[in-house]
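# coords below, sequence missing:
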């Protein structure tokens, strides 16, 4: 993808999620749901992806925006005192849940490229009185954190939006401490996506056109230096994806998946 095309993708994604952040109600991926999904529906969607009722009720209203395609908390295995970095933090939902798990001795950093999302997340943080959470404006291809910052990097249905996914994983590797781990939920392609959908900028913003093929995803993780790579697809998610872009059959090509990997270190060999 040429640089100008990458900028076009970033622009449409930024504008789409700016509108989501400013909407009076929660919103999920896809054109059919934006602006007409209430908080109850957003909670139901989160619970369908494996979050508990306690999870959805424990965060400030508006933090759960129905934007995910899985539950990275379920594979993160967070521990007290850890530093967590959330790529594409949105309204702060996963950050606030992580804050509860890492405790006062830990820290959570959310990164989002949309100023309106950062403002919304910070307002939610103030409402909830979170002292161990901060939100930073930045692109996930150029993370605003120092080398070796995080014990865990999480992300929920965001990396597919990036026009330069190999760069995202290089940056994630840099930002992790040795022995640090990835815990990601994302949309991936199980077969090549038709060119007409690939070229549709709105389909990028709706979390489907930019999905990486499974083999390309694994190759990017390996090239970045990660080991213990595990990608598990969720076939049942195709019904949900069908609702994001009704009529174009995208659910035949993409699926939600959990992605796990480890940065070698702390006794871990380079091929582990």
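On my side now, so go ahead. Just so it is clear, the structure is predicted and the values come from calculations on it, not from any experiment.
# use CA for all of it now, contacts and neighbours both
OK.
# Now do the same contact list for residue 61.
39, 124 (C-alpha atoms under 8 Å, 6 or more residues apart in numbering).
# let's go with 10 Å and repeat that
26, 39, 91, 93, 124, 127, 128 (C-alpha atoms under 10 Å, 6 or more residues apart in numbering).
# Which of these has the largest number of neighbours?
Neighbours here mean other C-alpha atoms under 10 Å. Within the contacts of residue 61, the largest count is held by residue 91, at 32 neighbours.
# Just the pLDDT for residue 9.
On the pLDDT scale, residue 9 is placed at 88.
# do the same with residue 167
For residue 167, the predicted pLDDT is 97.
# Next, count neighbours for the closest residue to it other than its chain neighbours.
Computed as C-alpha to C-alpha, 6 or more residues apart in numbering, the closest residue to residue 167 that is not its neighbour in sequence is residue 141, at 5.5 Å. With neighbours defined by other C-alpha under 10 Å, the count for residue 141 comes to 19.
# Can you tell me which of the contacts of residue 61 end up in helices?
By the criterion of DSSP state H, membership of the contacts of residue 61 in helices covers 39, 93, 124, 127, 128.
# how about the last one, what does it touch?
The one in question is residue 128. Contacts of residue 128 (C-alpha under 10 Å, 6+ apart): 58, 59, 60, 61, 96, 122.
# For the helix or strand where residue 85 lies, give the mean pLDDT please.
Element membership for residue 85 (DSSP states H and E) is strand 83-87. For strand 83-87, mean pLDDT is 98.
# for stretch 51-71, same thing?
89.
# Give the buried residues for it.
51, 55-56, 59-71 (16 or more other C-alpha atoms under 10 Å).
# quick check, nearest of the residues you listed to residue 241?
residue 69 (8.8 Å; C-alpha to C-alpha).
# Let me see the contact set for the closest residue to that closest one other than its chain neighbours.
Closest residue to residue 69 apart from its sequence neighbours, by C-alpha to C-alpha, 6+ apart: residue 157 at 5.5 Å. Listed by C-alpha under 10 Å, 6+ apart, the contact set of residue 157 reads 29, 67-72, 87-88, 184-188, 207-208, 211, 256-258.
# if you set the cut-off to 7 Å instead, what comes out?
68, 69, 185, 186, 187 (C-alpha atoms under 7 Å, 6 or more residues apart in numbering).
# Grab the longest strand from the chain for me.
Ordering each strand of the chain by length in residues (DSSP state E) puts strand 176-189 first.
# What strands flank that strand, and is each parallel or antiparallel?
Looking at strand 176-189 with DSSP bridges, its partner strands are strand 150-156 (parallel), strand 212-213 (parallel), strand 254-262 (antiparallel).
# Please name whichever of those strands is nearest to residue 227.
strand 254-262 (5.3 Å).
# about what we covered before: which positions within the strand holding residue 85 qualify as buried?
So strand 83-87, judged by 16+ other C-alpha under 10 Å, has buried residues 83, 84, 85, 86, 87.
# In a markdown table, list those residues along with distance to residue 150.
Conversion of the buried residues of strand 83-87 to a markdown table gives the following (distance: C-alpha to C-alpha, whole Å):
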| residue | distance to residue 150 |
| --- | --- |
| 83 | 5 |
| 84 | 6 |
| 85 | 6 |
| 86 | 10 |
| 87 | 12 |
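# and the two most separated of those?
Largest separation among the buried residues of strand 83-87 by C-alpha to C-alpha: 83 and 87, giving 13.2 Å.
# Between all of the contacts of residue 157, which two are separated the most?
68 and 187 (9.7 Å).
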